[in-house]
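Participant: Sharing a model prediction with you, sequence too.
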Amino acid sequence: MSKYLILGASAAGISAARAIREQDGGGEITVISKDERVYSRCMLHYIIGGQRSEDETRFIEDDFFEQHNIRWLPGREAVKLDSAGKKVQLSDGETHRYDQLLIATGASSVLPPVENLGRGKQVRSLRNLEDARDIIRLSGGTDTVAVIGAGLVGMDAACALAQRGVKVTVVEVAGHILPLQLDQRAAASYERLCKKHNMEFIFNDMVASVVLDEDDNVQGLKLKSGGTVPCGMVVVAAGVKPNIDFLRDTPVDTGRGIKVNEQQQTSVAGIYAAGDVCESLESFTGQVMPTPVWPSAVRQGWVAGSNMAGRPVRLEDNFAFQNSMTFFGLSSVSFGTINPPGESFRVLVDDRGDAGYKKVILQDGRIKGAILQGDISAAGILGALVKKGINISGLENRVFELSYADFFAQKENGEFYFK
Amino acid sequence: MKRILINRELCQGCRNCQLACMAEHTEAKSVLMLDLEDPANQARNFVEADLDGRPVPLLCRHCDDPACATACMSGALRKNPDTGLVEHDRVKCAGCWMCVMSCPYGLIRPDQLAGRTAVKCDFCVTRPMPRCVEACPTGAITLIELESKGRLTKAGLPGQSLAREVEM
Ligand SMILES: Cc1cc2nc3c(=O)[nH]c(=O)nc-3n(C[C@H](O)[C@H](O)[C@H](O)COP(=O)(O)OP(=O)(O)OC[C@H]3O[C@@H](n4cnc5c(N)ncnc54)[C@H](O)[C@@H]3O)c2cc1C
Ligand code: SF4
Ligand code: SF4
């Protein structure tokens, strides 16, 4: 009987556990997680904003572990890997043997090298449930919060805090919010909405230091430009790094994350990795890179679990250049390239002001990027065309009305596909 | 599992399937009483025109590898291993539109009324046959029976050849 050990109980780890159980009814599956609970990180800002309780962020069935006969050991972490002895040592002192190991330990927020950022008592990132709890508690003690970084997590945190009624100032080094997900036009709609909700933005500037009192309480930010932002709390959203510290001095090969092949196998036989902790072949760019998004983690976990249990499958559709977001009721979806990178790209725009905005970037008859804001109902079709690199020559003038009717192809079993 | 097979050549674009879908998801379940102006009434199936203006019925595939469920970060979307149906739980749904972004065929959408939760085909689970299939007057959409791995075992409606074995 095979002994499967999974480190991490989030998108990738849970998906792998499902895949293993589907394939191997009798194998012994143990899941270890630092998290005390199973919850979706993508919903942490709903807890802060008051839309969801902690229980409502659970993304698995109530009886998931019992139903699938999986042993789950929460609240402890892997501290050491002995790949020769096929053992993992945990923070509680116990050691677990495995035949097949999955590392799905995800990522942690990074603190940029800003003076006093590490010392301030009211400085947090948003990655774990504990962070969300802290942010709620600390935001009760102040009415002004600064958010560093206007990426997706930064904006999630900022808007959720604004919904709690605190004054939020966002500092971003680029010229507009969500610079990797939206162009200036689409970002501007959100900036206007945010300002109506008592938020402020500082663009093209960086934080030089955090101003603290003698007890390390946050008083404000000093900016590179010389400006200051008074605040009683700071939320840092400056990106993530993989949780791979416990792999130091092991033969598991790492770059910007654990290196894996298309079966999610690491450089060591019997050890797999999936999700935010690894770097993998991304579908849109054709490059090996971290793909820190939920669908990639689920897919990679499924590929890893399937292979661990003896069903050989390869990673496909590892599409990380897709985003969906909603702030203050306005939704957007974007794919691929956000701004035309050169002369050879054609840009088609359908701008209806407040009623919506659509943009497509074309090169040689293929859609290289798209932004939809407002009406996003048929976004997936554009995503598929970007991801698959399908030639839409002849359909350009109906690019915003495209539906699957334009590509209809059906197998005998009724499945659709793209020719 | 069952799936709705599409024969686009037979489709006349009458949209009876859409009306049936809308009616089935109202309390009265009646096409006659259906208020077409009310955005709460939203079809989960579509009839779209292609480049030449010919109608194509488009219905959720309850995919073998459903991109919508892979993307769903709340656990609201799940492929039921017993029925093969991709089910959506409105209570769990967070309206994040990861599914809308991910379905390659555009068959799961935000609800028109409040824009809070996703809306997709539920295969009319309480009925022996999805109402759209029953309502189609031309046979453009019919029910087929598949083995768990997506192999076709038999086609369901009268007039169709039964027990067709097709390799994928
Ligand atoms: C606020 C927020 C919003 C987001 N929104 C979106 C979104 O809308 N769409 C999207 O695609 N993505 C979103 N993401 C990103 C998404 O959450 C991640 O891509 C996804 O959670 C990655 O899953 P994972 O399983 O790889 O790792 P993680 O979710 O990071 O989970 C890691 C698991 O490993 C455990 N662990 C860590 N270290 C150890 C150890 N040493 N030993 C044992 N266990 C360990 C943890 O406790 C956890 O269970 C968001 C993230 C955040 C923070
Ligand atoms: S909504 Fe789309 S991806 Fe999901 S099962 Fe239906 S056709 Fe497949
Ligand atoms: S909108 Fe609802 S069903 Fe769709 S991915 Fe988000 S939570 Fe899941």
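Facilitator: Great, that's in hand. Here the structure is a predicted model, which means the values were calculated and not measured. Ligands and ions are numbered 1, 2, ... in the order given.

Participant: what's near enough to touch the closest residue to ligand 1 within the stretch 251-400 of chain A?
Facilitator: Residue nearest to ligand 1 within the stretch 251-400 of chain A: A:Gly275 (2.1 Å; CB to the nearest ligand atom). For the C-beta atoms, the positions are set from N, CA and C on the backbone; glycine is no exception. By CB atoms under 8 Å, 6 or more residues apart in numbering or on different chains, A:Gly275 lies in contact with A:Gly8, A:Ser10, A:Ala11, A:Ala12, A:Gly13, A:Ala104, A:Gly106, A:Ser296, A:Ala297, A:Gln300, A:Gly301.

Participant: restrict these to those near chain B?
Facilitator: Among these, proximity to chain B is found for A:Ala11 (CB under 8 Å from any CB of the partner chain).

Participant: Take the contacts of A:Gly275 and lay them out in TSV including pLDDT, neighbour count and secondary structure.
Facilitator: Formatted as TSV, the contacts of A:Gly275 follow (pLDDT from 0 to 100; neighbours: other CB atoms under 10 Å in any protein chain shown; DSSP: H, G, I helix; E, B strand; the rest coil):
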residue	pLDDT	neighbour count	secondary structure
A:Gly8	98	29	coil
A:Ser10	98	24	coil
A:Ala11	98	28	helix
A:Ala12	98	35	helix
A:Gly13	98	30	helix
A:Ala104	98	33	coil
A:Gly106	98	27	coil
A:Ser296	98	28	helix
A:Ala297	98	30	helix
A:Gln300	98	29	helix
A:Gly301	98	31	helix
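
Participant: Which one of the contacts of A:Gly275 is nearest to ligand 2?
Facilitator: Using CB to the nearest ligand atom, A:Ser296 comes nearest to ligand 2 of the contacts of A:Gly275, at 16.3 Å.

Participant: so, in contact with ligand 3 or not, the helix or strand containing A:Gly305?
Facilitator: Per DSSP states H and E, A:Gly305 falls inside helix A:294-308. No. Judged by CB under 6 Å from any ligand atom, helix A:294-308 makes no contact with ligand 3; its nearest approach is 8.9 Å.

Participant: List the strands paired with whatever helix or strand comes next after that helix, with their directions.
Facilitator: Stepping forward along the backbone from helix A:294-308, the first helix or strand reached (DSSP H and E) is strand A:322-327. Here strand A:322-327 has these sheet partners by DSSP bridges: strand A:330-336 (antiparallel).

Participant: chain center to the strand it pairs with, what's the gap?
Facilitator: How far strand A:330-336 lies from its chain's middle: 15 Å, per CA atoms, centre = their mean, to the nearest Å.

Participant: Give me the residues contacting that strand.
Facilitator: Strand A:330-336 has contacts (CB under 8 Å, 6+ apart) with A:181-182, A:186, A:189-190, A:193, A:284, A:321-326, A:361, A:367-374, A:376, A:379, A:382-383, A:386-387, B:97, B:100-101, B:110, B:115.

Participant: what's the helix ranked longest in chain B in contact with?
Facilitator: Determined from DSSP state H, the single longest helix within chain B is helix B:16-24. By CB under 8 Å, 6+ apart, the residues outside helix B:16-24 that reach it are B:29-31, B:33-34, B:36, B:41-47, B:57, B:59, B:121, B:124, B:127, B:131-137, B:141.

Participant: coming back round to it: distance to ligand 2 for the contacts of A:Gly275 - can I get that in JSON lines?
Facilitator: As requested, the contacts of A:Gly275 are exported to JSON lines (distance: CB to the nearest ligand atom, whole Å):
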{"residue": "A:Gly8", "distance to ligand 2": "26"}
{"residue": "A:Ser10", "distance to ligand 2": "22"}
{"residue": "A:Ala11", "distance to ligand 2": "18"}
{"residue": "A:Ala12", "distance to ligand 2": "20"}
{"residue": "A:Gly13", "distance to ligand 2": "23"}
{"residue": "A:Ala104", "distance to ligand 2": "24"}
{"residue": "A:Gly106", "distance to ligand 2": "25"}
{"residue": "A:Ser296", "distance to ligand 2": "16"}
{"residue": "A:Ala297", "distance to ligand 2": "18"}
{"residue": "A:Gln300", "distance to ligand 2": "18"}
{"residue": "A:Gly301", "distance to ligand 2": "18"}
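
Participant: Closest approach to ligand 2 from the stretch 101-250 of chain A, which residue is it?
Facilitator: Residue nearest to ligand 2 within the stretch 101-250 of chain A (CB to the nearest ligand atom): A:Gln181, separated by 22.3 Å.

Participant: For the stretch 101-250 of chain A, which residues score under the pLDDT cut-off?
Facilitator: Scanning the stretch 101-250 of chain A for pLDDT under 70 picks out nothing.

Participant: Do a quick rundown of the helices in it.
Facilitator: For the stretch 101-250 of chain A, the helices defined by DSSP state H, counting those that start in this stretch occupy A:129-139, A:152-163, A:184-196.

Participant: Next, count neighbours for the residue of the stretch 51-200 of chain A found nearest chain B.
Facilitator: When scored by CB to the nearest CB, the stretch 51-200 of chain A has A:Phe59 as its residue closest to chain B, at 3.6 Å. Burial of A:Phe59 is recorded as 25 neighbouring residues (other CB atoms under 10 Å in any protein chain shown).

Participant: contacting residues for it?
Facilitator: With contact taken as CB under 8 Å, 6+ apart, A:Phe59 is in contact with A:Ile14, A:Val38, A:Tyr39, A:Ser40, B:Met73, B:Ser74, B:Gly75, B:Lys92.

Participant: Quick check on the fifth one: phi, psi?
Facilitator: Meaning B:Met73. phi -100, psi 0 (degrees, to the nearest 10).

Participant: per-residue confidence at it?
Facilitator: On the pLDDT scale, B:Met73 is placed at 98.

Participant: If we ignore the residues flanking it in sequence, what's nearest it?
Facilitator: Closest residue to B:Met73 apart from its sequence neighbours, by CB to CB, 6 or more residues apart in numbering or on different chains: A:Cys42 at 4.1 Å.

Participant: On the three-state scheme, that neighbour is what?
Facilitator: helix (DSSP: H, G, I helix; E, B strand; the rest coil).
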